[in-house]
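Asks: predicted model and sequence below, questions to follow.
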Amino acid sequence: MENFLGDISRSVQLSDDINRLLEVRTNPHSGRGVITKIDCSENQLVFLEEPLVLGPSNDPTSEFCCVLCYKILGTTTYNQCESCSLPICSEKCLNQSSGIWHLRMECPLLAKSRSSISAQVLLSTRSWLAPVRALILKLIDKPKWGQLLQLEHHLNERRNCAILQRQQALVWFAIQQLAVVETTQEEIRQVCGIFDSNAFRFGVSREIRALYTLVSLINHDCRPSTRVIFDTQFKARLSARRTIRSGEELTITYVSPLLNTRERREKLQRSKHFTCTCTRCEDPTEFGTHFSSLRCPKCIKGHLVDNDLPSCDNCSFKTTKEKVQCLMTALSLKQEKALRKSDSTSLENILGIYLKALSDNHSLVIDLKQKLLSNLNRENKLQTWKRRLQLNQEVINLLDRIDGSNSRQMGFLQYQRQCFFVIRLAHMQRLKTTCQNGVQESDEYERTDWLIGELEKSLSLATKLLKHDINCPEELKRHQVK
Ligand SMILES: [Zn+2]
Ligand SMILES: [Zn+2]
Ligand SMILES: [Zn+2]
Ligand SMILES: [Zn+2]
């Protein structure tokens, strides 16, 4: 990793504790970046950061929720805060630590303004509450408001963006009614732009969005040096994914590692307005996995690497970019239909067809395998146990090669893997008690010691990666890493 050369950015004020560990630098290529001043070992916690501001997420999929803990509420009957009438899950929630944002920010202001809030504004809390909390910082915490304004808003690129205009209109409408803070349309547009470009969304169904002073400044890399998770206190925890030397830039990923290069680049361009040129993006084989490659139709063994003149890496076969694109468009359309299918036999059949044209690790193949796996899990038939374990293992193997073994996503896959061993061991236990002669040990899948060993391995890995995560499964919270 090259050193991030650039000037120390004076615009971002860091606390003394953080200043000892990190600095923010600016360089002409990638703008601002966060640099470590100390060596970090793999999995070391680099730093922990409180949110600058947080609130409900405005994702189209997110739902009406409690303004304190973000639990989903019914829209017809719900509890309301006695002082300000915003939707809450229960009075008890006001005394929890998550209530602090509400009690410190909008609650006293709304109680004072005494304007009655229409049902329409109440039901659309998720579209305005986070930006309104940001604007309240202007009144109650000037230094934080200053830090917030330091974040990119990309308004020049998005002046005519319809989504942003709609967000701005919803916040403006709410502010007119609530009368809690004085502002202008332009200021609201800026705050909405800052949320869009920098907010992290997390929770069971990404129902929370939050801005962080430092984590929001960390640049993207598709093979990043750190991972960020959000804990139950909504703090961001940044851990090293490998050894990082003093002077190196810290990076995180803004996109899923299981998107191919074209998809990642499109997403980053659309949402963050840049073209990624990291080592993974610049390698057409994506670290030799052929995540975007077609299978060679002539020799079957080789791959047609996705570049200007697609040619086989094993024989002399050549084709044109247009032909490859044509086939990919047809397959992507087929994929859309396939992902809507709910019977596992059809999915197995489509998978067989795909593997004739695509590499074993192609992103469409991996997507389909994940869909098949979730289908088989839902059906939960004992006889598909081995197939499910195999599919999970194939996705783990690919993720390991393309993204390393210590991402958050790997944590969830390892958690799923250990569940398969729990199911298998419980089944074998039942067999043992019903047949006195015991179980025939025909292969390792029936050897208890092997099953327990694999279960322990995955359980430890999952615990290490997800322990503090807000979405950490309950079983893992109780498990101690040895
Ligand atoms: Zn609540
Ligand atoms: Zn209140
Ligand atoms: Zn990249
Ligand atoms: Zn070939």
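Replies: Nice, thanks for sending it over. Ligands and ions are numbered 1, 2, ... in the order given.
Asks: next, count neighbours for T184.
Replies: Neighbours of T184 under the rule other Cβ atoms under 10 Å: 9. For the C-beta atoms, the positions are set from N, CA and C on the backbone; glycine is no exception.
Asks: no wait, L466
Replies: L466 has 21 nearby residues by other Cβ under 10 Å.
Asks: mind checking pLDDT for it?
Replies: Here the pLDDT value assigned to L466 is 95.
Asks: and the stretch 101-250 of the chain, which residues reach ligand 2?
Replies: Contact residues (Cβ under 5 Å from the ion) of the stretch 101-250 of the chain with ligand 2: C107.
Asks: what is the burial count for the spatially closest residue to K138 that is not a sequence neighbour?
Replies: The shortest distance from K138 to any non-neighbouring residue, by Cβ to Cβ, 6 or more residues apart in numbering, is to W145 (4.7 Å). By other Cβ under 10 Å, the residues close to W145 number 17.
Asks: quick check: W145 touching L137?
Replies: Yes: proximity of W145 to L137 meets the contact threshold set by Cβ atoms under 8 Å, at 4.2 Å.
Asks: for the longest helix along the chain, packing partners?
Replies: In the chain, taking DSSP state H as the definition, the longest helix is helix 408-434. Other helices and strands packing on helix 408-434, by 3 or more Cβ pairs under 8 Å, 6 or more residues apart in numbering; DSSP states H and E, are helix 385-403, helix 448-466.
Asks: sort out which residues of it are buried, please.
Replies: For helix 408-434, burial by neighbour count (16 or more other Cβ atoms under 10 Å) applies to 408-421, 424, 428.
Asks: report the mean confidence score over that helix.
Replies: Mean predicted confidence for helix 408-434 is 90.
Asks: quick check: the gap between E475 and S458.
Replies: Computed as Cβ to Cβ, to the nearest Å, the E475 to S458 distance reads 12 Å.
Asks: out of these two, which sits in the more crowded spot?
Replies: Each of E475 and S458 has its neighbours counted (other Cβ under 10 Å); S458 has more, 21 against 14.
Asks: wait, what's in contact with the more buried one?
Replies: By Cβ atoms under 8 Å, 6 or more residues apart in numbering, the contact set of S458 is 414-415, 417-418, 421.
Asks: out of those, which is nearest to ligand 3?
Replies: Nearest to ligand 3 among those: Q414, at 24.4 Å, using Cβ to the ion.
Asks: quick check: the closest one touching Q393?
Replies: No: Q414 is not in contact with Q393 according to Cβ under 8 Å; the separation is 10.7 Å.
Asks: distance of A119 from C81?
Replies: Applying Cβ to Cβ, the value for A119 to C81 is 15 Å.
Asks: for those two, indicate the residue with more neighbours.
Replies: C81 (22 against 8).
Asks: count of residues packed around the nearest residue to H427 once chain neighbours are set aside?
Replies: Leaving aside its chain neighbours, H427 sits nearest to L382 (6.1 Å; criterion: Cβ to Cβ, 6+ apart). The number of residues packed around L382, counting by other Cβ under 10 Å, is 9.
Asks: circling back: which of the contacts of S458 lies closest to G74?
Replies: Set against G74, the nearest of the contacts of S458 by Cβ to Cβ is Y415 (30.2 Å).
Asks: ok so, going back, so the residue nearest to K138: helix, strand or coil?
Replies: State at W145, reduced to three classes by DSSP: H, G, I helix; E, B strand; the rest coil: helix.
Asks: next one: it from R189, what distance?
Replies: Counting by Cβ to Cβ, the gap from W145 to R189 is 16 Å.
Asks: what's the answer for G352, then?
Replies: In terms of Cβ to Cβ, G352 sits 51 Å off from R189.
Asks: so what are the domain limits for the protein?
Replies: 7-50+213-253, 53-211, 261-367 (automatic domain parsing).
Asks: so for the shortest one, mean pLDDT?
Replies: Spelled out, that is domain 7-50+213-253. Rounded mean pLDDT across domain 7-50+213-253 is 90.
Asks: ok, stretch 322-335 next?
Replies: Mean per-residue pLDDT for stretch 322-335: 88.
Asks: in it, what's buried?
Replies: By neighbour count with 16+ other Cβ under 10 Å, stretch 322-335 contains the buried residues 324, 327-328, 331, 335.
Asks: so which of those comes closest to L103?
Replies: For those, the nearest to L103 is Q335 (47.8 Å; Cβ to Cβ).
Asks: stretch 91-108: how far from the chain's middle?
Replies: With Cα atoms, centre = their mean, to the nearest Å as the basis, stretch 91-108 stands 27 Å off its chain's centre.
Asks: and if you look at stretch 299-315?
Replies: Taking mean C-alpha positions (Cα atoms, centre = their mean), stretch 299-315 and its chain are 32 Å apart.
Asks: do that stretch and ligand 4 meet at all?
Replies: Yes: part of stretch 299-315 sits near ligand 4 under the criterion Cβ under 5 Å from the ion, namely 299, 302, 312, 314-315.
Asks: just those residues now: which is nearest ligand 1?
Replies: G302 (56.5 Å).
Asks: just say helix, strand or coil for the closest residue to the closest one other than its chain neighbours.
Replies: Once flanking residues are discounted, G302 sits nearest to N314: 2.8 Å by Cβ to Cβ, 6+ apart. When classified by three-state DSSP, N314 comes out as coil.
Asks: what distance do you get for N314 to N307?
Replies: Taking Cβ to Cβ, one finds N314 at 16 Å from N307.
Asks: those two: which has the busier surroundings?
Replies: N314 (14 against 11).
Asks: does that one touch L304 like I think?
Replies: No: N314 lies out of contact with L304 (Cβ under 8 Å); the separation is 9.9 Å.
Asks: which neighbours do the two have in common?
Replies: C296.
Asks: so who does the closest residue to ligand 1 within the stretch 201-350 of the chain touch?
Replies: Nearest residue of the stretch 201-350 of the chain to ligand 1: E207, at 11.4 Å (Cβ to the ion). Each residue near E207 by Cβ under 8 Å, 6+ apart is listed here: 56-57, 59, 62-63, 65, 70, 72, 126.
Asks: sorry, back to before: just put the domains of the chain in TSV and tack on distance to N375.
Replies: As requested, the domains of the chain are exported to TSV (distance: least, Cβ to Cβ, whole Å):
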stretch	distance to N375
domain 7-50+213-253	27
domain 53-211	20
domain 261-367	5
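Asks: format those domains as a markdown table; extra columns: distance to ligand 3.
Replies: A markdown table is the format used below for the domains of the chain (distance: least, Cβ to the ion, whole Å):
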| stretch | distance to ligand 3 |
| --- | --- |
| domain 7-50+213-253 | 3 |
| domain 53-211 | 18 |
| domain 261-367 | 3 |
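Asks: alright, that wraps it up for me.
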